[in-house]
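Chemist: sequence-free structure coming up:
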Ligand SMILES: [Zn+2]
């Protein structure tokens with residue numbers, strides 16, 4: 001499981017990040033310099049041209065809460081339905097996390113474990129995030 005699916009292009013000096021399973025992203029280069037990545041947290045399917053020059057910067061899960069909180073993101077709709085935002089899981093409110101855990105039964109185990117551990121950690125440290 002990937003916590004972050006990314007590649008840094010050494011030609012255009014940009015890091016591209018695939019944020020969900022169908023998020024196909026490419027760097028600013030044209031033609032054979034271009035690099036792409038796809039697959040979000042599920043798998044890294046990357047591509048590159050003949051003259052591409054890149055560094056894979058992806059981060060894999062090490063089962064540590066600290067690492068998971070640093071990289072795991074969640075896509076969410078704002079108050080208006082057309083406003084899609086990607087937030088770090090650690091910045092989600094307690095109510096939001098509980099709603100996700102109660103309704104999104106198909107999400108990867110790494111999300112469930114991280115969200116459950118985060119709620120417990122917040123309760124123990126008295127750092128609840130209320131809406
Ligand atoms: Zn590039």
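Modeler: That came through fine. Predicted model, so just to flag it, every value in this text is computed and none were measured. Residues are numbered from 1 along each chain as shown.
Chemist: Check the protein and tell me which residue is nearest its centre.
Modeler: For the chain, residue 73 is the residue whose C-alpha lies nearest the centre (C-alpha atoms, centre = their mean; 3.9 Å).
Chemist: right, and it touches residue 91 too?
Modeler: No: here residue 73 does not reach residue 91: they are 9.4 Å apart, not a contact under C-beta atoms under 8 Å. To be clear about C-beta, it is placed using only N, CA and C from the backbone, and glycine gets the same treatment.
Chemist: Run the chain-centre distance for the helix-or-strand element of the chain with minimal mean pLDDT.
Modeler: The weakest-scoring helix or strand in the chain, judged by mean pLDDT, DSSP states H and E, is strand 73-77 (a mean of 84). Strand 73-77 sits 9 Å away from the centroid of its parent chain (C-alpha atoms, centre = their mean, to the nearest Å).
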